[in-house]
Each structure stands twice: as structure tokens, then as C-alpha cells.
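Trainee: Predicted coordinates and the sequence they were generated for:
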Amino acid sequence: MSVSVFSVLSESESASVAGAATPLVQPRPQSQEQSGPCCPVQGLPWADRQQRHSQIVAALGLDEPGNVPAWEEAAQLAAQFLRMPVAVVTLAEGHTEYIRAAYGLSSLGLGNPLSQQRQLPLERGLSLYILDSDQPLTLADAANNPITAQSEWVETYGIRAYCGVPLTTSQGICVGTLAVMDRQPRGFTGQELAFLAMAARWGMSEYERQWAISGQARPGSTTATFSDGLINAVRLNLVSQLTQDLRSPLTTVMGMASMLSREIYGPLTQKQREYTDIVCQSSKTLMALVDEITDLGLTQTGHLDLVPTSVDIGALGQQVIATLTPLAKKSAQTFTFTLEPDENHWILDQRTVKQILYHLTFGIMQVAGDHSNLCIHACRRGQALSLVLWLANPWLGEGLPAQVIDLFHPPVSRAECLPGLTLSGPKPPAPQEMPGLLLSQHLALRHGGEIRVQEGADSGCRLIVLLPVLDASKTQGEACTS
């Protein structure tokens, strides 16, 4: 995650622009990869931007006073994670900065005006610089800068260290900030800044989601969901970083093992060659899994637009099977992928289709019996790609495990599935224990399709995935909503 940070002008630079009407900030060059959308009103005059902010605030029902519980949770988590005594979520409206969520304000002094009034003039705060640039602001010691030293946070409440990020709506409008503060000077790491930015995004998106569902501001029910979602996002972010970090040591192991196997450092005994081959093969398998995790986006968070492109469904299916074959061998499971003639190429979102196929295949593998053969057939059904999945077991016949059927379809006659998989052995996984299948269902809906169970009189049940063809002439956003 890359996060752009801008710095307030130094004392010598501020002298040359003293008296300027706009906030004194010096943007750093931005990288191509952004952690979030750029504010679409950033190029407008300040008065027009304030008007636009007020319209968005009113449209989201945030113009009414009061705390937002999800933002309270975000502030608390941010303060605890960064080990900061104070955290606030502020909302800019007109010339005033309103504190809509706070943690630790009492540490600035019992009965201090800020904890009672919950507002301060916008030009006297520090969020003005963030709103003006739509970039995070970090200050190791705000008192050392002649501009930020005039802030009410510094002059009145003795704040020294400050780290704030934009609070951005789904339309990309920056309406406020999430910031942490301390009376002692300190620096901030990139990981801390990334966590703060993620907390701000989750807080805003969770409020917008609840607002859209309920039609009125009832964010009080979102606290637990937001907390769990944010913690899961942090875990995914860390897993993503660790996955990327696996590449370097794996590359080193593969290189050294390759040199040993080629006997560059001397001849090997038969047993040494056997062990070297195992190391080489295991390293290649691990590297392939790391590449597959990255390619599938299993550690990514957030919403991604659909990208219509030409997809070779045959090649994509074989790629997924090749990735899962080492795991299937442990249970003596096999795959059969068939394709209707002249139906190779489809205009679809390749990443989404690959994730659906991967998670469905892996999910069915987990509940299939030993020596099962997972069959996948791709064909055309109207203007949609149809993927048909079922199991063929030498002892249980053809069909699907009952727990898979129950997940996508109301309970049916168990004579149509594979009864041997559910009538004996451990308790079948509950739906919440089969996240891959649930994720596939969600991804299919995002693509405008569906996953359902087809009941067969003779051949048992089949899992049908229908994915409509995307319009290649549409933009990414239009494809996502079509």
C-alpha cells in the first residue's frame, strides 16, 4: 500500500508566501499507485469545494449533530494500534471543523472546551491542510513549524505529534479527517500511516453502507460489524505483505538448490541428490502458490471494478487445475475439464472468473471423498458462459456433496446427491465454514450471474455457474453495474 504524504512548508519557504489566501502546503510528487481515489473537487475554488462538501454531508445525513459509533470504534482502534493518547474523526462543514468521534480528549485536561463544544474553527485546526491536498499529514513535532504552531491544537492543548488522513466518501469527496495526536514529539512509520488510512476508509464505507440499507442515519448497529471487518482487513493486509516477503527467501532457496543439483560445488551422493530434488520441487511448488495467491487477489481488500477482456476459458480452467493438483493428490483426487467446441473465448472479467473457478473447485475438493474425480464442463447457455461442476466417485456415483447442495439450494432429496459423504464420518462443514463457496457466490453476483443447483433424475445434482458476457465497449464502472 502506497500512501502519499505532504509536508507543511518550512519556515524559510513560508516566509516567501506569507499572506497567501490558500493553505500553505507543499505536495510531494505522487506515485502512480494511490491508496484511494483522488478528490474530484480538488481543482475547484475553495468556496465551491466547501459548498460541494456541504452537499455531500447533507446527502449522507451527517449534517445532524451527534457521534457516529462506527467512527468512534475507528478512533479507538487507531489510538490503541498506534499507541496514541488522542484520536479524533472530524467533519468539515463551512468554516467549522466538527468532532464527530473522539478518543482520549479528557487527556487534554478535564472539562476542556474542546471536549464539551466538539468543534473548532476550520482555519485553527490541522485538518485544513489534509482537506486542501487530499493527502495524509504527518508532523513529528508540530511546534517546530511556525505555521502549524499557530493551530489551536498546538497553542491551546499542547499537541506536538500529529498524523491525519482524509475521510473520503465512495464518490471520492474528502469531507473530513481521521487523526491521532500526542503531546510528546514522535515519528510515524509507513505501516502506522497505512493502518490509519485503512481505518478511515472502513469507517466511511461502513457508514455509507448502513445509510444506503436503512435510508436513515442509524450507525449505532454497525460498531461490531465494523470492528470485525477492520480487524479482518488488517489481517489480510499483513498476510498480503508476508506473502510478498516470501518471494525473496524462496528465490534464494531455489537458486542454491539448483546450483547444488547441478553439482557446481562438487558431486553428490545418491541420497544427497534425492534430498536436493525434493528441496527444488518443494520450492517451485511454494513459489507457484505465492504467485497464484497474488494473481487471484486472495489478500486484497476493497471493491474492484470489472474489466471486460477476452478470456480463454479452456486455458484458464487448466491453469486453475494445475494449481490445485498438488493439493488434490493428497486425497487421490483428480480433475476432468471439458469444453464445448468453438466456445473458448468469452468477454468476461478474467480475475473474477478465475477466482470463482478456483474457490468453487477448492471448496468442493474439501468435502469430496477420496478417489473422487471433479468434473468441470464449460459451454454456452444463451449469451452466458455456463460452468457445470459435479463429482464422480467410483463407489458413490455422480452428484454433489449434500453440504454443497444445501449451501446453494434448499434441502433436496439426499438420493440425488452423494449420501455416503454426509451420512457417515464427521459433521459436515457449516456454511460459515465454507467461505470459498460463499465468496464464489458473491463474485458471481458481482459479475451479473448466479450459481445454482440443477437437479438431475439420472445423473444426480450439478452445480451451474452462469456468467453473462460483458460489454467490451463499456467503461470499468459501467461493466461493474451492468
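Mentor: Noted; the coordinates are in hand. Numbers count the residues shown, from 1 in each chain.
Trainee: alpha carbons only for contacts and neighbour counts from here, please
Mentor: OK.
Trainee: Domain map for the chain?
Mentor: 21-236, 246-296, 308-481 (automatic domain parsing).
Trainee: could you give the mean pLDDT of the longest one?
Mentor: When pLDDT is averaged over domain 21-236, the result is 75.
Trainee: quick one, strands of the stretch 201-350 of the chain?
Mentor: Remark: strands assigned in the stretch 201-350 of the chain by DSSP state E, counting those that start in this stretch are 308-312, 334-339, 345-349.
Trainee: So what touches the second one?
Mentor: So that's strand 334-339. Residues outside strand 334-339 that contact it (C-alpha atoms under 8 Å, 6 or more residues apart in numbering) are 314, 317-318, 321, 325, 328, 371-379.
Trainee: now for those, which pair is the farthest apart?
Mentor: Spanning the widest gap among the contacts of strand 334-339 are His371 and Cys379, at 26.0 Å by C-alpha to C-alpha.
Trainee: hey, which helix is longest across this structure?
Mentor: Ranked by residue count and defined by DSSP state H, the top helix of the chain is helix 270-296.
Trainee: tell me which residues in that one are buried?
Mentor: By neighbour count on 16 or more other C-alpha atoms under 10 Å, the buried set for helix 270-296 is 273, 276-277, 279-280, 283-284, 287, 290-291, 293, 296.
Trainee: Can you get me a residue count around Gly111?
Mentor: 10 (other C-alpha atoms under 10 Å).
Trainee: distance of it from Gln184?
Mentor: Counting by C-alpha to C-alpha, to the nearest Å, the gap from Gly111 to Gln184 is 21 Å.
Trainee: what helix or strand is Tyr98 on?
Mentor: Using DSSP states H and E, Tyr98 sits in strand 96-103.
Trainee: could you pull out the strands for the stretch 51-200 of the chain?
Mentor: Ranges of strands in the stretch 51-200 of the chain, per DSSP E, counting those that start in this stretch, are 86-93, 96-103, 119-121, 137-139, 161-168, 174-182.
Trainee: Note down every partner strand of the third one and its orientation.
Mentor: Meaning strand 119-121. Strand pairing for strand 119-121, using DSSP bridges, gives strand 96-103 (antiparallel).
Trainee: which other residues reach the partner strand?
Mentor: By C-alpha under 8 Å, 6+ apart, the surrounding residues in contact with strand 96-103 are 65-69, 71-72, 75-76, 79, 85-92, 118-122, 125.
Trainee: Can you pull out the low-pLDDT segments for the stretch 301-450 of the chain?
Mentor: 301-304, 409-433 (pLDDT under 70).
Trainee: let's see 80
Mentor: The model of the stretch 301-450 of the chain has pLDDT under 80 over residues 301-305, 369, 394-397, 406-436.
Trainee: for the strands of the stretch 51-200 of the chain, which one sits closest to Pro308?
Mentor: Smallest distance to Pro308 across the strands of the stretch 51-200 of the chain (C-alpha to C-alpha): 27.3 Å, for strand 161-168.
Trainee: Could you verify that Val388 is part of a strand?
Mentor: Yes. Counting by DSSP: H, G, I helix; E, B strand; the rest coil, Val388 falls inside a strand.
Trainee: Tell me how many other residues crowd Ala59.
Mentor: Residues near Ala59, counting by other C-alpha under 10 Å, number 10.
Trainee: meant to ask about Gly190, not that
Mentor: Number of residues near Gly190 (other C-alpha under 10 Å) recorded here: 11.
Trainee: can you check the one 4 residues further on too?
Mentor: Here the count is done by other C-alpha under 10 Å, and Ala194 has 19 residues near it.
Trainee: From Ala78, how far out is it?
Mentor: 11 Å.
Trainee: tell me which residues of the helix or strand containing Thr361 are tucked away?
Mentor: Using DSSP H and E, Thr361 maps to helix 350-367. If you call a residue buried by 16+ other C-alpha under 10 Å, then helix 350-367 has these buried ones: 350-365, 367.
Trainee: What are the contacting residues of that helix?
Mentor: 295-296, 306-311, 316-317, 320, 324, 328, 333, 374, 401, 404, 421, 428, 434, 436-437, 439-441, 443-444, 447.
Trainee: Pull the contacting residues for Arg118.
Mentor: Per C-alpha under 8 Å, 6+ apart, neighbours of Arg118: 98-100.
Trainee: For it, give its distance to Gly109.
Mentor: Applying C-alpha to C-alpha to Arg118 and Gly109 gives a distance of 14 Å.
Trainee: again, but for Ser115
Mentor: With the distance defined as C-alpha to C-alpha, Ser115 ends up 9 Å from Gly109.
Trainee: When these two are compared, which one has more neighbours?
Mentor: Ser115 (17 against 12).
Trainee: In contact with the residue lying closest to the more buried one once chain neighbours are set aside, which residues are there?
Mentor: Leaving out its chain neighbours, the residue that sits closest to Ser115 by C-alpha to C-alpha, 6 or more residues apart in numbering is Leu105, at 6.0 Å. Residues in contact with Leu105 (C-alpha under 8 Å, 6+ apart) are 86-87, 114-115.
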